[in-house]
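K.L.:
pasting the structure only:
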């Protein structure tokens, strides 16, 4: 799916679903002052399904809990380094502390990767493959819906093939996913408050049955 087509679809859905997001917070006190994370536990899957049409997203309370627990450990000096635009988190630079925090909380079944959420060699593997990528951005005036719109647009949807081939046989491919968006808020000892969104997107690719023998 072309990026501009996805953006048009995503932006058209922002206003319609932005009110679906519910939230719950769990404050904690740390060495840098009051710290709070807000997890959007309702509406995230609906928004992701409105913003793209290749992956079928469902709610995942476990993913929400894991990401919230990781974000809770972030200090204000980490949160303040969040970029102004939605950016994929990797294991280097200002985002490495976020990457490590989430990696240490996620079970291996979520398979956190530094790569784009794309898949190769599906027919060769013949098994479900899960990839989880992370994004973050300064909260500013952004809503959860706006952040998820940009995340969906950055998911490299063109890499989600609808079928694959092996030995002249063609197999259907499906994708199911879960997404969690957490708003991190931390206040430093100096009284400065910083806010950022952290988003985890986990997608599982499944190779289905043979659909035909030739195109």
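P.N.:
The structure has been received and is ready for your questions. What you are looking at is a predicted structure, and each value in this text was computed from that prediction instead of being measured. Residues are numbered from 1 along each chain as shown.

K.L.:
Could you use CA atoms for every contact and neighbour count after this?
P.N.:
Noted.

K.L.:
Can you give me the pLDDT of residue 168?
P.N.:
Looking at residue 168, its pLDDT reads 81.

K.L.:
Now it, what are its backbone angles?
P.N.:
phi 80, psi 0 (degrees, to the nearest 10).

K.L.:
With the one 10 residues further on instead?
P.N.:
Dihedral angles phi and psi of residue 178 (degrees, to the nearest 10) take the values phi -140, psi 150.

K.L.:
Thought residue 45 was touching it, still the case?
P.N.:
Yes: counting by Cα atoms under 8 Å, residue 178 does reach residue 45; the two are 6.8 Å apart.

K.L.:
which neighbours do those two share?
P.N.:
Each of 57, 58, 59 lies in contact with both residue 178 and residue 45 under the rule Cα atoms under 8 Å, 6 or more residues apart in numbering.

K.L.:
Next secondary structure after the host helix or strand of residue 67?
P.N.:
Element membership of residue 67 [criterion: DSSP states H and E] is helix 61-72. Next helix or strand after helix 61-72 toward the C-terminus (DSSP H and E): helix 76-79.

K.L.:
Which parts of the protein are strands?
P.N.:
22-25, 28-30, 33-42, 56-57, 87-88, 129-138, 163-166, 169-187, 193-212 (DSSP state E).

K.L.:
quick one: average confidence on the fifth one?
P.N.:
Throughout strand 87-88, pLDDT has a mean value of 92.

K.L.:
do the second one as well
P.N.:
Taken as a whole, strand 28-30 has an average pLDDT of 38.

K.L.:
can you check the first one too?
P.N.:
Model confidence over strand 22-25 averages 39 on the pLDDT scale.

K.L.:
same deal with the fourth one?
P.N.:
The pLDDT scores in strand 56-57 average 96.

K.L.:
Direction included, what does it pair against?
P.N.:
Its sheet considered, strand 56-57 pairs with strand 169-187 (parallel) by DSSP bridges.

K.L.:
And the partner strand, what's buried?
P.N.:
For strand 169-187, a neighbour-count test (16 or more other Cα atoms under 10 Å) marks 170-175, 177-187 as buried.

K.L.:
gap between the closest residue to residue 199 other than its chain neighbours and residue 141?
P.N.:
Among residues not flanking residue 199 along the chain, residue 181 sits closest, at 4.4 Å (Cα to Cα, 6 or more residues apart in numbering). Going from residue 181 to residue 141 by Cα to Cα, to the nearest Å gives 15 Å.

K.L.:
and if you look at residue 48?
P.N.:
20 Å.

K.L.:
With neighbour numbers in mind, choose between those two.
P.N.:
residue 48 (25 against 7; other Cα atoms under 10 Å).

K.L.:
Next up, the contacts around that one.
P.N.:
If you count contacts by Cα under 8 Å, 6+ apart, residue 48 has them with 57, 148, 149, 152, 179.

K.L.:
With residue 124 instead?
P.N.:
residue 166.

K.L.:
re the thing from before, so for residue 99, which of the strands of the chain sits nearest?
P.N.:
Closest of these to residue 99 is strand 129-138, at 7.6 Å (criterion: Cα to Cα).

K.L.:
need the strands of the chain in TSV with distance to residue 78, can you?
P.N.:
Output for those, formatted as TSV (distance: least, Cα to Cα, whole Å):
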stretch	distance to residue 78
strand 22-25	20
strand 28-30	14
strand 33-42	12
strand 56-57	29
strand 87-88	15
strand 129-138	11
strand 163-166	41
strand 169-187	9
strand 193-212	9
